[in-house]
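Mind looking at a prediction? Sequence and model below.
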Amino acid sequence: MLEPILADLDFAGEDDVILFLNSMGATPPLELYVMYSEVAAILDKAGVTVARSLVGPYITSLDMAGCSVTLLRADADLLQLWDHPVNTPALRKGC
C-alpha cells in the first residue's frame, strides 16, 4: 500500500508526517494496530518520521473489510494546529 505513496512524494525533506490508518468498517482495532506497526516500520526504513497518528474507524462503510492509509506531510506549524483540542461528534482529543 505504501509503495505508490513513497514513490510519488519526496519525503527526503525535514518534514514529519501524520499517519492516518482508517478502518473501512469491519476491521477490528487489533488488526488496525498490527497494520499500523507494519506501516510504521516501512516508513521508518524509508526514513520517514511519524510525528502523529490517528488509528480507528473514522470514515467507514457498512461492514466493509480492510483499511486505508493516508500520509500528511506536516511541518511545525501544521503539527501545532493538529495538537489543538478537538471536541466534535466524530473526534475528541485533548479536551
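Nice, thanks for sending it over.

for the protein, which spans come out with low pLDDT?
The model of the chain has pLDDT under 70 over residues 12-13.

90 instead?
1-15, 46-47, 61-63, 90-91, 93-95 (pLDDT under 90).

All the helices of it, in order from the start?
3-8, 29-45, 76-82 (DSSP state H).

from those, which stretch is densest packed?
Among the helices of the chain, ranked by average contacts under mean count of other C-beta atoms under 10 Å, first place goes to helix 29-45 (a mean of 14). No exception for glycine: its C-beta is placed from N, CA and C like everyone else's.

helices or strands next to that one in the packing?
strand 16-23, strand 50-56, strand 67-74 (3 or more C-beta pairs under 8 Å, 6 or more residues apart in numbering; DSSP states H and E).

Turn those into a markdown table, including distance to Thr88 and mean neighbour count.
Formatted as a markdown table, those follow (distance: least, C-beta to C-beta, whole Å; neighbours: other C-beta atoms under 10 Å):
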| stretch | distance to Thr88 | mean neighbour count |
| --- | --- | --- |
| strand 16-23 | 16 | 20 |
| strand 50-56 | 13 | 16 |
| strand 67-74 | 18 | 16 |
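
Which one, of these, ends up nearest to His84?
strand 50-56 (12.0 Å; C-beta to C-beta).

what angle sits between that closest one and strand 16-23?
Using axes from the mean of the first three to the mean of the last three C-alpha atoms, to 10 degrees, the direction of strand 50-56 lies 10 degrees away from that of strand 16-23.

Give the partner strands of strand 50-56 in its sheet and their orientations.
strand 16-23 (parallel) (DSSP bridges).

for Leu91, what are its contacts?
With contact taken as C-beta atoms under 8 Å, 6 or more residues apart in numbering, Leu91 is in contact with Tyr58.

Relative to Leu9, how far out is it?
25 Å (C-beta to C-beta, to the nearest Å).

that older thread, TSV for the helices of the chain, including distance to Asp63?
As requested, the helices of the chain are exported to TSV (distance: least, C-beta to C-beta, whole Å):
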stretch	distance to Asp63
helix 3-8	26
helix 29-45	14
helix 76-82	30
